[in-house]
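Student: Have a look; sequence and predicted model below, questions after that.
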Amino acid sequence: MNEPSYQEKFWQIISLIPSGSVATYGQVAELAGLPSMARAVGRTLSQLPKDTQLPWFRVINAKGEISFPKDSPPYQRQRSLLEADGVVFIRGKVSLRQYKWQP
């Protein structure tokens, strides 16, 4: 049996992030067993099809921020998806203490 690709491992982890929670790029990489590949998580997400069902928007950076440039359309889209999920932003940040997924 073939070992899943690192992208598949990331997708599997991201698919488990529950509504109202976030995970960091590094956390996804670590849970996938690839702790040094946080940047690859971001690359993998950037290559998802537009109509993906994967909750990609629940992955944010280690500072609790969305990685897209503020005020860009992708930033606004990710922020509104997270807010619809019940995640609260304070001064542009998400409280990782409060919202970070603890599998």
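Tutor: That came through, no problem.

Student: Could you pull out the helices in the chain for me?
Tutor: 6-16, 25-31, 38-46, 73-84, 96-99 (DSSP state H).

Student: Quick one: residues contacting the residue at minimal distance from the centre of the chain.
Tutor: The chain has residue 59 as the residue nearest its centroid, 1.1 Å off, counting by Cα atoms, centre = their mean. With contact taken as Cβ atoms under 8 Å, 6 or more residues apart in numbering, residue 59 is in contact with 14, 17, 22-25, 28, 41, 45. Just so you know, the C-beta spots here come from the backbone N, C-alpha and C atoms, and that holds for glycine as well.

Student: now residue 23
Tutor: 13-14, 17, 31, 58-60, 100-101.

Student: Quick check: of these, which lies closest to residue 94?
Tutor: Lowest distance from residue 94 to the contacts of residue 23 (Cβ to Cβ) belongs to residue 60, with 6.1 Å.

Student: so what's that closest one closest to, chain neighbours aside?
Tutor: Nearest non-adjacent residue to residue 60, counting by Cβ to Cβ, 6 or more residues apart in numbering: residue 22, 5.1 Å away.

Student: Based on its surroundings, how many neighbours for the one you found?
Tutor: 24 (other Cβ atoms under 10 Å).

Student: Quickly note the distance from it to residue 16.
Tutor: Distance of residue 22 to residue 16, computed by Cβ to Cβ, to the nearest Å: 13 Å.

Student: hang on, isn't residue 75 packed against residue 68?
Tutor: Yes: shown here, residue 75 and residue 68 form a contact pair, counting by Cβ atoms under 8 Å, at 3.9 Å.

Student: show me what contacts residue 85?
Tutor: For residue 85, the contact set (Cβ under 8 Å, 6+ apart) comprises 19-20, 57-58.
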